[in-house]
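Asker: Give the three-dimensional model of this entry:
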Amino acid sequence: MRPEDVLPAELPGGLPDLVMEALLAPLVDHHCHGVRRDDLVRAQFELLITPAGAPAPPGTTHFDTPTGAAIRRWCAPVLDLEPHAPPTVYLTRRAELGPAEVNRRLLREAGVVTFLVDTGSGGPDLLSAAELGRLGGATADEIVQIEQTEEEVAETAGSGVAYISTLETELAARAARAVALTSVIARRHGLDFDPARPSRGSVIAAANRRLTDPKESLTDPVLLRHLLWTAVDAARERNLPLRFHTGHGGPDLDPHRADPALMTGFIRALQPIGVPVVLLHCYPFHRQAAHLAAVFPHVYVDVGVALTGSATVMGELLELVPFHKQLFGSGARGVAETCHLGALHYRRGLARALAARLAAGEWNASDAARVAHMAGSGNARRVYRV
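Answerer: Numbers count the residues shown, from 1 in each chain. The predicted model follows:
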């Protein structure tokens, strides 16, 4: 990634060399997903650059969005095109290069040294964690989505008792080869769940009901709580973090029930157990997430995704979140463009926020560089032990 891309235009005087070096240093992307390995027609590509999960209204295009405009501006040069290339030209060039070369260029341009890949939405069309790392010239480790594990267990368990034992065994086995466990309970139920561990009898009864239709997504509140506590046990055994999707997401996520403050009781219950909690996708609840990170020693905050380079949001996080609690994540999903843009927007937003503090005399260059190194890679290496 070039310094001139990272440095916003409104900072003509630049930043101290020490700070620029920190901003350009390789990142640990603690939150990303697989990207497509196959050729994509325009309709497929557009669906992958929007959280809507649906085509744009007739006569419009998802290229007329902040993400679409950013792809044309920042990803086009990586594919040897002029900035702001028209969508048709961009997609034609993408097809000429082929998916492997496109993925290689964009992943490497992100400047990531380690990818931590959530494999919960995996499939044959998505690069595995190992493939993502190889194309990106980086190391890669797996993060296990616990709801996907439960769905696989539900399809094979013959009884409620077998469901409990198999789920415990399978989560423990997957935790042994992962660097973290992650939950999408906010999408299934919301974060305002009862923090107590459910009784064995209630779990067996709920599991027997679930096994009558195991292919359905898990929504039963008793089983969701049991799944969380089984994951807590596996995470504690392996000293792994437990991550939660919060904030705004796709159309299946009720934003009013995705405020991380709603799970304060559960977070408090985990403190004596010692399992780190990582809050993902915090915007627009970043202030609530910041408060939790400030008052609970085991809570960490994702500061990378959904910022779109906003110095305002980044500045608020720097005001509220302890610097050793902030983690960069691109939130990449579906296409490699999202990885490159996640890293670029993070660096540009952080550059603006650091510049403001330097200009005000609040920090010196050493302070700014230290914060950039911690959020960009150091904190993730410590929390995930990579």
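Asker: what about the longest helix in the chain?
Answerer: Ordering each helix of the chain by length in residues (DSSP state H) puts helix 337-359 first.
Asker: Beyond that helix, next helix or strand please.
Answerer: Using DSSP states H and E, the helix or strand that directly follows helix 337-359 along the chain is helix 365-373.
Asker: related to what we said a few turns ago, in the longest helix of the chain, what counts as buried?
Answerer: 337-358 (16 or more other CB atoms under 10 Å). To be clear about C-beta, it is placed using only N, CA and C from the backbone, and glycine gets the same treatment.
Asker: now stretch 138-148
Answerer: Counting neighbours by 16+ other CB under 10 Å, the buried set in stretch 138-148 is 138-148.
Asker: for that stretch, the distance to its chain's centre please.
Answerer: With CA atoms, centre = their mean, to the nearest Å as the basis, stretch 138-148 stands 11 Å off its chain's centre.
Asker: Restricting to C-alpha, output that stretch in PDB.
Answerer: In PDB, the C-alpha atoms belonging to stretch 138-148 read as follows (Å, rounded to 0.1, in the frame of the first residue of the first chain):
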ATOM      1  CA  ALA A 138       0.400 -14.100   4.600                       C
ATOM      2  CA  THR A 139      -0.200 -16.600   7.400                       C
ATOM      3  CA  ALA A 140      -3.800 -17.600   8.100                       C
ATOM      4  CA  ASP A 141      -5.700 -19.200  11.000                       C
ATOM      5  CA  GLU A 142      -9.300 -20.300  11.400                       C
ATOM      6  CA  ILE A 143     -12.100 -18.900  13.600                       C
ATOM      7  CA  VAL A 144     -14.900 -21.300  14.200                       C
ATOM      8  CA  GLN A 145     -18.500 -20.100  14.100                       C
ATOM      9  CA  ILE A 146     -20.400 -22.000  16.800                       C
ATOM     10  CA  GLU A 147     -23.800 -21.900  15.200                       C
ATOM     11  CA  GLN A 148     -22.500 -23.700  12.200                       C
END
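Asker: Contacts for it, please.
Answerer: 107, 112-121, 129-130, 132-134, 171, 174-175, 177-185, 188, 217-218, 227-228, 230-231, 243, 384, 386 (CB atoms under 8 Å, 6 or more residues apart in numbering).
Asker: Now the buried members of those residues.
Answerer: 107, 112-120, 129, 132-133, 171, 174-175, 178-185, 188, 218, 227-228, 230-231, 243, 384, 386.
Asker: Next step: the residues you listed restricted to helices.
Answerer: Using DSSP H, the buried ones among the contacts of stretch 138-148 in helices are 107, 129, 132-133, 171, 174-175, 185, 188, 227-228, 230-231, 384.
Asker: Contact partners for V179?
Answerer: V179 touches 116, 141-143, 240, 384-386, counting by CB under 8 Å, 6+ apart.
Asker: which two in those are spaced the farthest apart?
Answerer: Greatest spacing in the contacts of V179, by CB to CB: E142 and R385 (13.7 Å).
Asker: for the stretch 1-150 of the chain, which spans come out with low pLDDT?
Answerer: Counting by pLDDT under 70, the ranges of the stretch 1-150 of the chain that qualify are 12-13, 122.
Asker: Which residue ranges of it form helices?
Answerer: Secondary structure of the stretch 1-150 of the chain (DSSP state H, counting those that start in this stretch): helices located at 3-6, 17-24, 42-48, 66-70, 87-97, 99-109, 129-136, 146-154.
Asker: Compile those into JSON lines and extend it with columns for distance to D213.
Answerer: Listed next are the helices of the stretch 1-150 of the chain as JSON lines, based on distance: least, CB to CB, whole Å:
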{"stretch": "helix 3-6", "distance to D213": "51"}
{"stretch": "helix 17-24", "distance to D213": "51"}
{"stretch": "helix 42-48", "distance to D213": "29"}
{"stretch": "helix 66-70", "distance to D213": "37"}
{"stretch": "helix 87-97", "distance to D213": "41"}
{"stretch": "helix 99-109", "distance to D213": "37"}
{"stretch": "helix 129-136", "distance to D213": "31"}
{"stretch": "helix 146-154", "distance to D213": "9"}
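Asker: Quick one: closest of those to V321.
Answerer: Evaluated with CB to CB, those place helix 17-24 nearest to V321, the distance being 17.7 Å.
Asker: re the thing from before, nearest approach to C32 belongs to which of the helices of the stretch 1-150 of the chain?
Answerer: Nearest to C32, of all the helices of the stretch 1-150 of the chain, is helix 129-136, at 7.7 Å by CB to CB.
Asker: Report the separation between the closest residue to L106 other than its chain neighbours and D220.
Answerer: The spatially closest residue to L106, leaving aside those adjacent along the chain, is A336, at 3.8 Å (CB to CB, 6 or more residues apart in numbering). For A336, the distance to D220 (CB to CB, to the nearest Å) stands at 37 Å.
Asker: how far is the longest helix of the chain from where the chain is centred?
Answerer: 17 Å.
Asker: now that helix and helix 17-24, what's the angle there?
Answerer: 160 degrees (axes from the mean of the first three to the mean of the last three CA atoms, to 10 degrees).
Asker: can you state the direction angle for helix 337-359 and helix 365-373?
Answerer: 160 degrees.
Asker: Show me what helix 337-359 is packed against.
Answerer: Here helix 337-359 touches helix 3-6, helix 17-24, strand 27-33, helix 66-70, helix 99-109, helix 311-320, helix 365-373, going by 3 or more CB pairs under 8 Å, 6 or more residues apart in numbering; DSSP states H and E.
Asker: one more time with 6 Å
Answerer: helix 3-6, helix 99-109, helix 311-320 (3 or more CB pairs under 6 Å, 6 or more residues apart in numbering; DSSP states H and E).
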